[in-house]
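# Return atomic coordinates for the entry below.
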Amino acid sequence: MPKLASILSAGVLAGVTLGVFSIQSGEGAEGTLKEFHQLLMNQKYDAARELMVVPLSPHEMAAQMQLVQAADNLIRQNRASLEILAKESDRNTAIVQVQYVLPNQVRVPGAFVLQYTRNRWRIDAAGTLGLFLQPTRSG
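Purely as a prediction, here's the structure:
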């Protein structure tokens with residue numbers, strides 16, 4: 001039994017360490033995405049929308065609703081985990097490449113556009129959905 005207790009203690013310590021590391025690394029555009037998805041997981045939709053660029057038109061409002069529903073479907077309903085793959089950014093705009101990993105290990109690629117506004121990175125729903133509506137270039 002002492003070995004089992006040691007293994008369990010080590011597992012708990014590893015979990016706490018990883019939790020602290022993930023909180024500390026939650027800054028910037030990537031941190032906003034992680035926070036957004038955590039809020040969706042906890043069904044805190046109003047708080048999640050606070051992390052988005054304020055919609056100024058009916059089109060932007062619809063885009064916001066559509067993006068929240070799609071991310072919620074992947075994260076909460078399909079129990080996917082979020083992996084951040086890469087980020088391209090300048091001073092006020094970032095594009096973050098992600099993938100959602102479903103429990104059966106199927107990977108769903110995606111990308112988010114974020115804008116730095118009101119003193120933090122915010123998800124640009126219309127810009128994000130616009131990435132998927134652009135015509136593909138053939139070679």
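
# Look up how far residue 104 lies from residue 36.
24 Å (C-beta to C-beta, to the nearest Å). Glycine gets a C-beta too; all of them are placed from N, C-alpha and C.

# okay, these two: which has more neighbours?
residue 36 (25 against 6; other C-beta atoms under 10 Å).

# didn't the more buried one look like it was pressed against residue 51?
Yes: counting by C-beta atoms under 8 Å, residue 36 does reach residue 51; the two are 4.8 Å apart.

# Which neighbours do those two have in common?
Taking C-beta atoms under 8 Å, 6 or more residues apart in numbering as the criterion, residue 36 and residue 51 both touch residue 123.

# helix/strand/coil for the residue nearest to the spatial centre of the chain?
Per C-alpha atoms, centre = their mean, the C-alpha nearest to the average position across the chain is that of residue 33, at 3.3 Å. Recorded secondary structure, residue 33: helix (DSSP: H, G, I helix; E, B strand; the rest coil).

# and it, what does it touch?
Each residue near residue 33 by C-beta under 8 Å, 6+ apart is listed here: 82, 84, 96, 98, 112, 114, 123.

# likewise residue 108?
Contacts of residue 108 by C-beta under 8 Å, 6+ apart are 74, 80, 99-102.

# will you turn these into CSV that also has secondary structure?
Converted to CSV, these look like this (three-state DSSP):
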residue, secondary structure
74, helix
80, coil
99, strand
100, strand
101, strand
102, coil
